[in-house]
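> how would this look folded up:
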Amino acid sequence: MRSRPIGSLQANGNCFVAMLLWATGIVALEYLLDDWGVLSLSSLRLVVSVVFLVLWWGCTEGWDKVFGAPWRKGLVIGGLGWGVGSIFLLMGQKLSDPVTVTIVVAMMPIAGAATEIVFDNRRLSWRLAAGLILAVLGGYLATAAQLTQGHFGFGVVFCLGAIFLFAWVTRATTRQFETLSRTGQATVTLCGGMLVTLVCYGISIVAGFGEIHIGTVDTADWLPLLIFLLPSSGIAQLFWINGAGKLGILLASFHMNAVPFYVMVFLVLLSLDQWHWLQAGAVALVALGVLVSQMSPGAFTRGWKKLQLHLD
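Reported below is the predicted structural model:
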């Protein structure tokens, strides 16, 4: 009887760690973009992450598991989801602005809900609907952006396409590779994303599209580069697939809307930003959305009865 709450707690913990690690990568990126091209960084990041995941997978589960995995299927799904999705996000930002991207990404729980409604016939209970509203509202407030600041042009279409692809590929990774462990699932699909990114990098070199320059790495850049290449990508992906595999993309996506708060905390610790209470309140809304959406119906009844007894 207690395994389900414990499993849910572990899954939420995995999603929390994944988003925390992802936030470190966003902070590290601020130190790297002046000298590096976006495609160069993305390509190097995915190569390092995939090499780490393959080695970790082979060493922990045996190389027969690695060689016997459905690589072709994983490359197709990962290439479409992680690869094309990432390109869409970059194109969306290029055609709009960072504010628009952050506002659209805050709609990730909606993309997660739509994915489960379409593919899993998920029915939204009032608890899920309430949690979804809280998570989206909290995510929007956490960005500290205003709708009037965004330039909602054609770039929004690419941004929306990106978040729906991310939601779809997360579900596909955890549902269509049930013979693989979570490590295997994360590895075969992220490898697909790596190949698509490398192809785009090669095309950019030939066509001269830009964002392909490789920066010099001095002493001050080693730590940000290391954080960006592995913990915020490959390791974060392991935690994400573990959490999303147990919770489902709908509930797991709620955690993504807390990332702007984590970024703010890291920037404050590095004395690069000030504390913003609005973002702190926003992450509380996200946390409340997580709690409400996953609380059993009986818990509400028991809580209401206890409140009535207390008032009496």
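> in the stretch 201-312 of the chain, which spans are helices?
219-229, 236-247, 249-253, 259-269, 277-294, 297-311 (DSSP state H, counting those that start in this stretch).
> out of those helices, nearest to residue 96?
Residue 96 sits nearest to helix 259-269 of all the helices of the stretch 201-312 of the chain, at 17.6 Å, using Cβ to Cβ. For glycine as for every other residue, the C-beta is placed from the backbone atoms N, C-alpha and C.
> please name every helix or strand in contact with the closest one.
For helix 259-269, the elements it packs on are helix 3-32, helix 126-142, helix 277-294, judged by 3 or more Cβ pairs under 8 Å, 6 or more residues apart in numbering; DSSP states H and E.
> tell me which helix or strand of this protein sits lowest on mean pLDDT?
The helix or strand of the chain with the lowest confidence, counting by mean pLDDT, DSSP states H and E, is helix 297-311 at a mean of 54.
> residue 38 and residue 256, how far apart?
Shown here: residue 38 relative to residue 256, a distance of 20 Å by Cβ to Cβ, to the nearest Å.
> quick one: contacts for the closest residue to residue 15 other than its chain neighbours?
In space, residue 15 comes closest to residue 243 once its chain neighbours are excluded; the distance is 3.7 Å by Cβ to Cβ, 6 or more residues apart in numbering. By Cβ atoms under 8 Å, 6 or more residues apart in numbering, the residues touching residue 243 are 11-16, 18, 252, 255.
> same thing but 10 Å
Residues near residue 243 by Cβ atoms under 10 Å, 6 or more residues apart in numbering: 10-19, 170, 174, 182, 251-252, 255.
> between the residues you listed, which has the most around it?
Neighbour counts for these peak at residue 252, which has 30 neighbours (criterion: other Cβ atoms under 10 Å).
> could you check how far it is from residue 137?
From residue 252 over to residue 137 (counting by Cβ to Cβ), the distance is 18 Å.
> coming back round to it: which one of residue 38 and residue 256 has more residues nearby?
A side-by-side neighbour count of residue 38 and residue 256, using other Cβ under 10 Å, places residue 256 first with 25 against 19.
> I'd say that one and residue 112 touch.
Yes - with contact defined as Cβ atoms under 10 Å, residue 256 counts as touching residue 112 (8.7 Å).
> list the residues that contact both of those two?
Common neighbours of residue 256 and residue 112 (criterion: Cβ under 10 Å, 6+ apart): 135, 163, 166-167.
> out of those residues, which is nearest to residue 99?
Comparing the shared contacts of residue 256 and residue 112 against residue 99 with Cβ to Cβ picks out residue 163 as the nearest, at 15.7 Å.
> shouldn't that closest one be in contact with residue 107?
Yes - with contacts counted by Cβ under 10 Å, residue 163 reaches residue 107, the gap being 6.4 Å.
> between the two, which contacts overlap?
With contacts defined as Cβ under 10 Å, 6+ apart, the residues shared by residue 163 and residue 107 are 114, 253.
> of the two, who's got more company?
residue 163 (26 against 19).
> now the host helix or strand of that one: average pLDDT?
For residue 163, the element it lies in under DSSP states H and E is helix 155-175. Averaging pLDDT along helix 155-175 gives 93.
> does anything pack onto that helix? Which helices or strands?
Contact analysis of helix 155-175 by 3 or more Cβ pairs under 10 Å, 6 or more residues apart in numbering; DSSP states H and E lists helix 71-78, helix 85-95, helix 98-105, helix 108-120, helix 182-207, helix 236-247, helix 249-253 as its packing neighbours.
> the second one: which residues count as buried?
So that's helix 85-95. By neighbour count, with 16 or more other Cβ atoms under 10 Å as the criterion, the buried positions of helix 85-95 are 85-93, 95.
> just name the most buried of the helices of the stretch 201-312 of the chain.
Between the helices of the stretch 201-312 of the chain, the one whose residues have the most neighbours on average, counting mean count of other Cβ atoms under 10 Å, is helix 249-253 (a mean of 28).
> now do it: distance to the chain's middle.
Average the C-alpha atoms of helix 249-253, do the same for its chain, and the two points are 10 Å apart (Cα atoms, centre = their mean, to the nearest Å).
> cool, and stretch 178-190?
When C-alpha coordinates are averaged (Cα atoms, centre = their mean), stretch 178-190 and its chain have centres 16 Å apart.
> that stretch: which residues count as buried?
180-190.
> okay, now residue 216: neighbour count?
Residue 216 is flanked by 7 other residues according to other Cβ under 10 Å.
> cool, and residue 112?
Look at residue 112: counted by other Cβ under 10 Å, it has 30 neighbours.
> tell me how far it lies from residue 169.
Spatial separation of residue 112 from residue 169 under the definition Cβ to Cβ is 12 Å.
> and the average pLDDT for stretch 112-126 is what?
92.
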